[in-house]
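> Sequence and predicted structure below; questions after.
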Amino acid sequence: MKRLDQVLAAEGVPAELELVINDVIVACKDIAFKLRQGELAGILGATEDENVQGETQKKLDVISNDLLKDILVANPYVRGIGSEEEDYTVAGSAAGKYLVTFDPLDGSSNIDVNLSVGTIFSVLEAQDDQSGDNQEVFLQNGRKQVAAGYVLYGPSALLVMTTGNGVNIFTLDTTVGEFILTKSGIQIPADTAEFAINMSNQRFWEPEMKQYIDDCLLGEEGPLGKRYNMRWVASMVAEVHRILMRGGIFMYPYDKRDPSKAGKLRLMYEGNPMSMIVEQAGGASSTGRMDIMDVAPKGIHDRVPVVLGSKNEVAKVVAYHSK
Ligand SMILES: O=P(O)(O)OC[C@H]1O[C@](O)(COP(=O)(O)O)[C@@H](O)[C@@H]1O
Ligand SMILES: [Mg+2]
Ligand SMILES: [Mg+2]
């Protein structure tokens, strides 16, 4: 039975980075506890506010954001944070080496119906001496991440993370309040016949994506030659976790509902960390035209089309885009 700190030490993770990851996890344990209490903790429902993306904030979006922000900006090794729920990046310690971006609560439309939600995080190294409230210091591509992970608040709370040494899964032992290693060396099956996409947006997709899904729906008689199943949990963390466990492909492509947005999901705290985890587990991750982790960010809240999961299926979607 290995604890998270023992696993990170065995991976040779620097002590400062371990302290940063540990603070993320302390906040996530608190979020997990509040979620279990649900209505009893007065955490359900919406606030009167909108975030910078124009989305109504749920109470738990704000609570989770504050838990992560408060602990991380007080950490001497954190230069700054960037969050879905903060308009601008927030400065931490001027001498801090690390930058943390996070989606404090992913899949937040699921909170009020008691379904799975998650927290996603990504850690970068600050490359120069700029303050953490200057977003420029964060604008590095996903290949520069030194750690990435998510916590899935499901029937049990799971921490899934990588420091570039493969993917480990830890289960929260609520009797001792510790994440305990329960699986390591996760490998996503290369082939799949299960896709996840919000089909209600079909008429807004680009023709390439429309064609791929049309061909999936043709099953054995179509050019892809197999019968596909479909899932949509509306929580990226839950979808990615299913894919890590049994394969699959998850897509949130560009659509023309709002042509100024490159997609729904955000690069720096959704696309990049999930891509690092998926690649570390032998899967693939693309915008349809290039690897997500090679996309150069221009702003902390940049959006990105996402196609990730079983590597041979992702390659098929990429091939549709290059026809
Ligand atoms: O509303 P839709 O189209 O089903 O979108 C669901 C997607 O949006 C998200 O909920 C976005 O994340 P947030 O809840 O953090 O905004 C993803 O987790 C999920 O894949
Ligand atoms: Mg999200
Ligand atoms: Mg969110």
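Sure, I can see it. Keep in mind the model is a prediction, meaning the values are calculated, not measured. Numbers count the residues shown, from 1 in each chain. Ligands and ions are numbered 1, 2, ... in the order given.
> Relative to residue 64, how far out is the residue nearest the centre of the chain?
Nearest to the geometric centre of the chain sits residue 270, at 3.8 Å (C-alpha atoms, centre = their mean). Going from residue 270 to residue 64 by C-beta to C-beta, to the nearest Å gives 15 Å. Backbone N, C-alpha and C define where each C-beta goes, glycine included.
> Likewise for residue 94?
26 Å.
> how is this structure carved up into domains?
4-183, 194-321 (automatic domain parsing).
> what's the residue in the stretch 201-323 of the chain positioned nearest to ligand 2 in contact with, if anything?
Using C-beta to the ion, residue 270 is the residue of the stretch 201-323 of the chain that sits closest to ligand 2, at 5.1 Å. Each residue near residue 270 by C-beta atoms under 8 Å, 6 or more residues apart in numbering is listed here: 103, 106, 120, 236, 306.
> got a markdown table for these, with neighbour count and pLDDT too?
Converted to a markdown table, those look like this (neighbours: other C-beta atoms under 10 Å; pLDDT from 0 to 100):
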| residue | neighbour count | pLDDT |
| --- | --- | --- |
| 103 | 29 | 98 |
| 106 | 28 | 97 |
| 120 | 29 | 98 |
| 236 | 24 | 98 |
| 306 | 27 | 98 |
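> could you pick out which of these are near ligand 1?
Subset of these in contact with ligand 1: 103, 106, 236, counting by C-beta under 6 Å from any ligand atom.
> More neighbours: residue 94 and residue 64, which one.
Between residue 94 and residue 64, residue 64 has the larger neighbour count (other C-beta atoms under 10 Å), namely 30 against 12.
> Who are the contact partners of the more buried one?
Counting by C-beta under 8 Å, 6+ apart, residue 64 has contacts 27, 31, 104, 105, 119.
> how distant is the one helix or strand the second one maps to from the center of its chain?
Read that as residue 31. Taking DSSP states H and E as the criterion, residue 31 maps to helix 15-37. From the chain centre to the centre of helix 15-37 is a distance of 16 Å (C-alpha atoms, centre = their mean, to the nearest Å).
> Could you list the low-confidence segments of the stretch 151-300 of the chain?
Nowhere does the stretch 151-300 of the chain drop to pLDDT under 70.
> ranges for the strands of it?
157-162, 168-173, 178-183, 194-196, 229-230, 249-252, 284-286 (DSSP state E, counting those that start in this stretch).
> so which of these comes closest to ligand 1?
The closest approach between ligand 1 and any of the strands of the stretch 151-300 of the chain, judged by C-beta to the nearest ligand atom, belongs to strand 249-252 at 5.8 Å.
> and the closest residue to residue 223 other than its chain neighbours, how many neighbours does it have?
Closest residue to residue 223 apart from its sequence neighbours, by C-beta to C-beta, 6 or more residues apart in numbering: residue 215 at 5.3 Å. For residue 215, the neighbour count with other C-beta under 10 Å is 16.
> Give me the three-state assignment for the residue lying closest to residue 31 once chain neighbours are set aside.
The shortest distance from residue 31 to any non-neighbouring residue, by C-beta to C-beta, 6+ apart, is to residue 64 (4.9 Å). Classification of residue 64 by DSSP: H, G, I helix; E, B strand; the rest coil places it in helix.
> Pull the residues that contact stretch 211-229.
Taking C-beta under 8 Å, 6+ apart as the rule, stretch 211-229 contacts 193, 194, 195, 197, 199, 202, 205, 316, 317, 320.
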